[in-house]
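*Asks:* Curious how this folds, go ahead:
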Amino acid sequence: MEEIRKKFNFVFQKNIEDLKLKKMKKADSISNDIVIFADKNNVSYYASKDGKIYIYFDSVYYIIDNIEDI
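*Replies:* Predicted coordinates for the structure are as follows:
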């Protein structure tokens with residue numbers, strides 16, 4: 001859980017323009033196990049128990065695949 005929180009906080013502190021966002025396809029599903037949620041500047045941030053970070057804005061969900069690349 002602490003590792004997920006660290007990843008989430010790292011992403012949350014970044015500017016959205018600096019993130020490597022991957023648009024999710026309609027068929028992709030978001031984990032039901034959301035453990036962290038926050039809003040900033042009309043953007044919603046989610047983290048799931050499996051360590052994935054999702055971002056929602058402009059009516060589209062994005063996933064951050066590789067946090068190490070940011």
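
*Asks:* Show the backbone phi and psi for Glu2.
*Replies:* Backbone torsions of Glu2, given as degrees, to the nearest 10, read phi -60, psi -40.

*Asks:* Give the bridge partners for the residue lying closest to Phe57 once chain neighbours are set aside, please.
*Replies:* Here the nearest residue to Phe57 in space, its sequence neighbours aside, is Val43; by CB to CB, 6 or more residues apart in numbering that works out to 4.4 Å. To be clear about C-beta, it is placed using only N, CA and C from the backbone, and glycine gets the same treatment. With DSSP bridges applied, Val43 shows beta-bridge pairing to Lys40.

*Asks:* For Val43, give me its contacts.
*Replies:* Contact analysis of Val43 by CB atoms under 8 Å, 6 or more residues apart in numbering lists 16, 55-57.

*Asks:* Distance-wise, check it relative to Gln13.
*Replies:* Applying CB to CB, to the nearest Å, one obtains 13 Å for the distance of Val43 from Gln13.

*Asks:* Same question for Asp69.
*Replies:* Asp69 is 16 Å from Gln13, where distance means CB to CB.

*Asks:* Kindly report the same for Lys7.
*Replies:* Relative to Gln13, Lys7 is positioned 11 Å away (CB to CB).
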